[in-house]
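Student: Predicted model and sequence below, questions to follow.
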Amino acid sequence: MNDKATLSSLEKEIETLEKSRRRMLLSVALFMLVWFVPQILESLGPETFPRGLRALFAVLGAVGGIVWMVLMLRFHRLQTKVRNRPELQERLNDERILQLRREAVYRGWVTMVVLVAVGVALAPFVEIPGQPLLMTLLLVGVEAPILFFLWLDRG
Amino acid sequence: MGHPELNNRLKVLRAERDWTQAELAAQVGVSRKTINTIERGVFAPSAILALKIAQAFGVPVEKVFELNNPS
């Protein structure tokens, strides 16, 4: 960056909030994985993994779920703070961010469609259990747009 | 998102006025990162934002943005 002047307090606040948003989205994506992946593995069946490993999955899943909910509450608080200040709202969610969001949601949708298409193609040959499949689709549906957004907004 | 055919003179115009990216961003109501991505040709602004930027510099929009290979 070639900015030379000192940023005003509002500019600093905007930069800080932008970084917070990125960090929070990354944490939400990460802890959704910690929450869901153990549950998906566990739902493959009680005989798939040893009992000790299944207990670990349960603990990881619970911790991931709790942290994810706390993060979502913090994210909601951040959004409320931004919404209550029109200038922050306008500049943090400017046209570039809105365009990135649309692009990320579109790419997430394409990812889901590809995943479902692969599942449909494999279905005649491989038995795909319903519960893990639905949980995987939900996980991808939430993760993909977040990760695409972070990637598109990388700078 | 970006447009390789869209050139801009943001950096030059800012330097002439001794403005930072943040100062220009504040004038047109976007984030500094958005100005930075426009300047680097990563993000192509809407017509409205392009006009706001030109207005902030006090020049016609074609003095800020131009097509690389106008036909």
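Tutor: Yep, it's here. Numbering: from 1, shown residues only, chains lettered A, B, ... in the order given.

Student: pLDDT below threshold where in the chain?
Tutor: If you meant another chain, say so; for now it's chain A. Applying pLDDT under 70 to chain A flags the ranges A:1-7, A:155.

Student: hmm, I had chain B in mind actually
Tutor: For chain B, residues meeting the criterion pLDDT under 70 lie at B:1-4, B:70-71.

Student: who's in contact with the most centrally placed residue in it?
Tutor: Central residue of chain B (Cα atoms, centre = their mean): residue B:10, 4.8 Å from the mean position. Remark: with contacts taken as Cβ atoms under 8 Å, 6 or more residues apart in numbering or on different chains, residue B:10 is in contact with B:24, B:35, B:38-39, B:53, B:64. C-beta here means a position set from N, CA and C on the backbone, and glycine is covered the same way.

Student: Up against chain A, what does chain B have?
Tutor: Within chain B, the positions near chain A by Cβ under 8 Å from any Cβ of the partner chain are B:1, B:11, B:20-23, B:25-26, B:29-34, B:36-37, B:43, B:45-46, B:49.

Student: Name the nearest of the contacts of residue B:10 relative to residue A:122.
Tutor: residue B:38 (44.3 Å; Cβ to Cβ).

Student: Show me what the helix or strand where the closest one lies is packed up against.
Tutor: Counting by DSSP states H and E, the element that carries residue B:38 is helix B:32-39. Helix B:32-39 makes packing contacts with helix A:9-42, helix A:95-122, helix B:10-17, helix B:21-28 when contacts are defined by 3 or more Cβ pairs under 8 Å, 6 or more residues apart in numbering or on different chains; DSSP states H and E.

Student: Can I get these in TSV including distance to residue A:50?
Tutor: Output for the helices and strands packed on helix B:32-39, formatted as TSV (distance: least, Cβ to Cβ, whole Å):
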stretch	distance to residue A:50
helix A:9-42	12
helix A:95-122	27
helix B:10-17	61
helix B:21-28	56
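
Student: out of the ones you listed, deepest packed?
Tutor: Comparing those by mean neighbour count (mean count of other Cβ atoms under 10 Å in any protein chain shown), helix B:21-28 comes out on top with a mean of 22.

Student: that's a helix at residue B:7, yeah?
Tutor: No - assigned with DSSP: H, G, I helix; E, B strand; the rest coil, residue B:7 falls outside any helix and is strand.

Student: what's across from it in the sheet?
Tutor: Beta-bridge pairing for residue B:7 (DSSP bridges): residue B:66.

Student: Would you agree it is in contact with residue B:67?
Tutor: Yes - judged on Cβ atoms under 8 Å, residue B:7 makes contact with residue B:67 at a distance of 7.4 Å.

Student: contacts for stretch B:17-31?
Tutor: With contacts defined as Cβ under 8 Å, 6+ apart, stretch B:17-31 is touched by A:1-5, A:7-8, A:10-11, A:14, A:18, A:87, A:90-92, A:94-97, B:10, B:14, B:32, B:34-36, B:39, B:49, B:52-53, B:56-57.
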